[in-house]
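> Model the structure of this input:
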Amino acid sequence: MNIDNIGAIYMIPNLLGDSAPLEVLPISVKKNIESLTYFICENEKVARAFIKKIAPNKSQQNLKIVLLNKFTDPLEVESFLAPCFEGESIGLISDAGCPAIADPGAIIVAMAHKKGIVVKPLVGPSSILLALMGSGMNGQNFAFNGYLPIDKQERKKAIKGLEKKSFELQQTQIFMETPYRNDAIMSDLIKILHPSTRLCIACDLSLKSETIRTHTAEEWKSRTFSIQKRPAIFLIQKD
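The predicted model follows:
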């Protein structure tokens, strides 16, 4: 099949919260959304709201949306790419931030490469990179570790392990948490980390309420700060 007749996968970044789309996203994202009919997303309601916000004149009735999340049957996923072989491009949208980064969209991208479908990542906000940029920590060598264990003992072990890795590799360690456990993990970090280890907490990135603070674990003990249920990224670096 002529690759010129195959549609592409456009990786469309979503907002990180309630902000004006064109204050955060380039106009190219709006133009691509306006030109697409087929979309793959985690949550249809969230995706439709985002599309309506950035392209209010686009017909919602004509959108063709399939869901890719933890409930999706793996056997269905390959069929999601069928429109590409009919000459239609597809938009891949995350619930927040960049698709395929801490997001199930990676499986679609990997499959697209195997099938010779062009993948086009679009510019937009990533909470992971924004947090790293604003942390003052090592941006030359860093690792994203997803979520830490829920069990307290396992989590303590994981925190100590990341701190050790940060020191040995001179590598910034980045992770996130479910918002309702934010304050609990912050408390654990302050107690478990070496007093001189730097800890950055970055909340509500790209929003008006954005907060990015970096202090040593010892310094954090004397500060009053509650993340509450705000979306947050945590970074540590032991020099």
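> Hmm, residue 29 is touching residue 124, no?
Yes. Using C-beta atoms under 8 Å, residue 29 is in contact with residue 124, at 6.3 Å. (C-beta placed from N, C-alpha, C; glycine too.)
> Give me the common contacts of the two.
By C-beta atoms under 8 Å, 6 or more residues apart in numbering, residue 29 and residue 124 have these common neighbours: 12-13.
> Is residue 18 in a helix, a strand, or coil?
coil (DSSP: H, G, I helix; E, B strand; the rest coil).
> Confirm residue 235 sits in a strand?
Yes. Counting by three-state DSSP, residue 235 is located in a strand.
> Report the contact partners of the closest residue to it other than its chain neighbours.
Spatial nearest neighbour of residue 235, chain neighbours left out: residue 200 (4.1 Å); criterion: C-beta to C-beta, 6 or more residues apart in numbering. Residue 200 makes contacts with 131, 134-137, 212-214, 234-236, as judged by C-beta under 8 Å, 6+ apart.
> where does residue 178 land on pLDDT?
The per-residue pLDDT reported for residue 178 equals 91.
> Now do the contacts for it.
Residue 178 sits next to residue 147 when contact means C-beta under 8 Å, 6+ apart.
> gap between it and residue 125?
To residue 125, residue 178 is 20 Å away according to C-beta to C-beta, to the nearest Å.
> Can I get the buried part of the contacts of residue 200 as one ChimeraX selection?
In ChimeraX, a selection of the buried entries from those looks like this (16 or more other C-beta atoms under 10 Å):
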select :131,134,135,137,212,214,234,235,236
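> from the contacts of residue 200, which is closest to residue 115?
Nearest to residue 115 among those: residue 131, at 33.9 Å, using C-beta to C-beta.
> where does the closest one land in three-state SS?
helix.
> pretty sure it contacts residue 204?
No. Contact criterion C-beta under 8 Å: residue 131 and residue 204 do not qualify, at 11.0 Å.
> Would you mind checking which helix or strand in the protein has the lowest mean pLDDT?
Ranked by mean pLDDT, DSSP states H and E, the weakest helix or strand in the chain is helix 74-77, scoring a mean of 88.
> by contact count, what packs against that one?
helix 106-114 (3 or more C-beta pairs under 8 Å, 6 or more residues apart in numbering; DSSP states H and E).
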